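Participant: for reference, the sequence and a predicted model appear below.
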Amino acid sequence: MQNTDDTTVERELELRLVLSPERSVPVPALLAYRTDDPYAVHVTFHIGSEHPVNWTFARELLVEGVFRACGHGDVRIWPTKVEGRGVVLMALSSPDGDALLEAPSAQISAWLERTLRAVPPGTESERLGIDEGLAELLTATVATDDLWLRDPWPSDESQDGEL
């Protein structure tokens, strides 16, 4: 049974798309966390094209990336300092290209804290109602257990050796 008090924790902020060590451009972004999808964070980048670019990855990855380098493949995140400011770098790779984005650590951390208050770590599965769903499925199949005991494909021997 899924919770009916689903919440979205959002934060608009300006990230920097790093083009080279000397040059970056601002990219407006929307961070979104939905309690009905408790393991994921959603980031929408508004890059001036007709359609925004959406990325979804594990909240746990972003939480860890605020403190230490983590991730591999499509999403890698690590903290660093740029001109004395604490930032979180996100390297995103897709078939359409690669991007290195710089986000202010304090704003990312404050938003993550709000998501962690909404759904504390370790309680995500409760939001999904997996246990209740499994219990419902298992009680519904008890009556049909005898179907599992029958052999759906009779063996060749049951045909008395006739071809």
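Facilitator: All right, it came through fine.

Participant: and the longest helix anywhere in the chain, how far from the chain's centre?
Facilitator: Criterion DSSP state H: the longest helix present in the chain is helix 105-118. Mean-position distance between helix 105-118 and its chain equals 15 Å (C-alpha atoms, centre = their mean, to the nearest Å).

Participant: other residues contacting that helix?
Facilitator: Contacts to helix 105-118, defined as C-beta atoms under 8 Å, 6 or more residues apart in numbering, come from residues 7, 9, 11, 13, 31, 33, 35, 41, 59, 62-63, 66, 79, 85-88. In short, each C-beta sits where N, CA and C put it, glycine included.

Participant: one more time with 6 Å
Facilitator: Residues from elsewhere that reach helix 105-118 (C-beta atoms under 6 Å, 6 or more residues apart in numbering): 7, 9, 11, 13, 31, 33, 35, 63, 66, 86-88.

Participant: again, but for stretch 58-68
Facilitator: 41, 70-71, 77, 79, 88, 109, 112.

Participant: ok, so of those, who is nearest His51?
Facilitator: Val41 (19.9 Å; C-beta to C-beta).

Participant: coming back round to it: farthest pair in the contacts of stretch 58-68?
Facilitator: Gly71 and Ser109 (17.3 Å).

Participant: can you show me the helices along this protein?
Facilitator: Using DSSP H, helices in the chain cover 59-65, 105-118, 124-128, 130-141, 145-149.

Participant: with just CA atoms, put the first one into CSV.
Facilitator: The reference is to helix 59-65. Presented in CSV, the C-alpha positions along helix 59-65 are these (Å, rounded to 0.1, in the frame of the first residue of the first chain):
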residue,chain,number,x,y,z
ARG,A,59,20.0,9.8,-4.4
GLU,A,60,22.6,7.8,-2.5
LEU,A,61,25.1,8.6,-5.2
LEU,A,62,24.6,12.4,-4.8
VAL,A,63,24.7,12.1,-1.0
GLU,A,64,28.0,10.3,-1.1
GLY,A,65,29.4,12.6,-3.9
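
Participant: start the count at 39, not 1, going forward
Facilitator: In the new count, where the first residue is 39, that last one comes out as helix 97-103.

Participant: in it, what counts as buried?
Facilitator: Across helix 97-103, burial judged by 16 or more other C-beta atoms under 10 Å covers 97, 99-103.
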